[in-house]
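Asks: How does the following fold in three dimensions:
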Amino acid sequence: MWGELRRVLVRRPLPEDAAAWDAYGWRAAPLIGAAQAEHEALCALLEEAGAEVVVSEHDPGNPDADHPEGMQPNHRYAEKKRTSQTREKHVHGP
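Replies: Numbering: from 1, shown residues only. Modelled structure (predicted):
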């Protein structure tokens, strides 16, 4: 089934979402700034396509709240941070 996308409910990444990353099973803390930038770009694309973007800020402190059930969290941001931290250890020592 397909049709015109008219309205989209989104949940922007909040700064307080990063605090509980370990309790939610993330491999590293999310980079909230990067996640917010990607979120804003997605919202802009949706609006350009003619969709009404409805923004929610429900469930603050839950890093999974901005992902539909069953989708991976922002692992790219967490993985990028973890990789750069590992690289710094190798370059600068323990």
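Asks: Residue 54: what secondary structure?
Replies: Classification of residue 54 using DSSP: H, G, I helix; E, B strand; the rest coil returns strand.
Asks: May I have the beta-bridge partners of it?
Replies: residue 9 (DSSP bridges).
Asks: Now for it: which residues touch it?
Replies: Contacts for residue 54 (CB atoms under 8 Å, 6 or more residues apart in numbering) come out as 7, 8, 9, 10. Bear in mind the C-beta positions are built from the backbone N, C-alpha and C, glycine included.
Asks: Relative to residue 26, how far out is the second one?
Replies: When CB to CB, to the nearest Å is the yardstick, residue 8 and residue 26 sit 25 Å from each other.
Asks: ok, for residue 36, nearest residue in space, not its chain neighbours?
Replies: Once flanking residues are discounted, residue 36 sits nearest to residue 13: 5.2 Å by CB to CB, 6 or more residues apart in numbering.
Asks: Go ahead and report the secondary structure state at that neighbour.
Replies: Here residue 13 is coil, with the state taken from three-state DSSP.
Asks: what's the neighbour count on it?
Replies: 25 (other CB atoms under 10 Å).
Asks: so residue 35 touches residue 13, yeah?
Replies: Yes. Counting by CB atoms under 8 Å, residue 35 touches residue 13, with 3.9 Å between them.
Asks: List the contacts of residue 51.
Replies: For residue 51, the contact set (CB under 8 Å, 6+ apart) comprises 5, 6, 7, 8.
Asks: in stretch 28-46, what counts as buried?
Replies: For stretch 28-46, a neighbour-count test (16 or more other CB atoms under 10 Å) marks 28, 29, 30, 31, 32, 34, 35, 39, 43, 46 as buried.
Asks: At which residues are the strands of the chain located?
Replies: Remark: strands assigned in the chain by DSSP state E are 7-11, 52-56.
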